[in-house]
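>>> predicted model and sequence follow; I will ask about them next.
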Amino acid sequence: MVLTLTVLVSSCISDESSMDQPLDPTTNVEKTEVYPEVFSLENLRMDPETLKMLANLRAATAKYHDIEVAMEDGYAQGSECVSSPAGGMGYHYVNFAAMDGEYDPTMPEALLYEMSKNGQMKLVGVEFVIVKEAWDAGNEMVPYFGMQEFDTAFDPEPLPFDNYQLHIWIWKNNPSGIFTMFNPNVSCE
């Protein structure tokens, strides 16, 4: 029965990918992967190393549920609440000193918060932002989080420098996928 269920589930998962990298009409960020609207079996497709990296990232950022701790560690509000028809990102709290060409998969450059109904900021995800020019000077490939390739964003949107970025929804479920830019479950209202 377990074997039958495994075959049934794996036959429903598609590995199709496009070599085209269309631009999202709302930003200048190249999409490196197209996600289906609902991707509930996403974790079944992740390799063990990526899952381990997600667990390490959660452990490293758990303390930032307290926004005061985030601010003590150098994060400051970098944006108002960001949203689009595809969903929200929330408020970006950015560690500007960490925005360089370095990449530590446990220390994101930005934390994503959503305002709760009682006015408290709630941690919902993280964003890695790597200065493209600095990264490219020492690396031949774009950065990856496990098996997930970063998106490429070009000046002037959303930042005034070319960069690699990756949103990871580790604290609030994203039915569009853990690595998609916008989360339909995050609201600015």
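Good, I have the coordinates.

>>> tell me where the model's unsure across the protein.
The chain contains residues with pLDDT under 70 at 1-44.

>>> what's the burial count for the residue lying closest to C81 once chain neighbours are set aside?
Using Cβ to Cβ, 6 or more residues apart in numbering and skipping residues adjacent in sequence, the residue nearest C81 is C188, 3.6 Å away. Glycine gets a C-beta too; all of them are placed from N, C-alpha and C. Neighbourhood size, C188 [other Cβ atoms under 10 Å]: 15.

>>> go on, P143?
P143, neighbours per other Cβ under 10 Å, totals 18.

>>> you'd agree it is up against V129?
No: under the criterion of Cβ atoms under 8 Å, P143 is not in contact with V129, lying 10.6 Å apart.

>>> joint contacts of those two?
The overlap between the contact sets of P143 and V129 (Cβ atoms under 8 Å, 6 or more residues apart in numbering) consists of Y164.

>>> give me the element N174 is part of.
Using DSSP states H and E, N174 is not contained in any helix or strand.

>>> what do you get for L111?
strand 110-115.

>>> beyond that strand, next helix or strand please.
Next helix or strand after strand 110-115 toward the C-terminus (DSSP H and E): strand 121-131.

>>> and the angle for that following strand with strand 110-115?
For strand 121-131 against strand 110-115, the angle by axes from the mean of the first three to the mean of the last three Cα atoms, to 10 degrees is 150 degrees.

>>> hang on, the earlier thing: buried ones in the strand holding L111?
Buried residues in strand 110-115, counting neighbours by 16 or more other Cβ atoms under 10 Å, are found at A110, L111, L112, Y113, E114.

>>> ditto for stretch 57-65
Per 16+ other Cβ under 10 Å, stretch 57-65 contains these buried residues: L57, T61, Y64.

>>> what do you get for stretch 83-94?
Across stretch 83-94, burial judged by 16+ other Cβ under 10 Å covers S83, G87, G88, M89, G90, Y91, H92, Y93, V94.

>>> can you check stretch 100-112 too?
Of all the residues in stretch 100-112, those buried under the rule 16+ other Cβ under 10 Å are G101, Y103, P105, P108, E109, A110, L111, L112.

>>> so who does the first one touch?
When the contact criterion is Cβ under 8 Å, 6+ apart, the partners of G101 are I130, V131, E133, A134, W135, A137, G138.

>>> any idea which of these has the most stuff around it?
For the contacts of G101, the largest neighbour count, defined by other Cβ under 10 Å, is 23 neighbours, found at I130.
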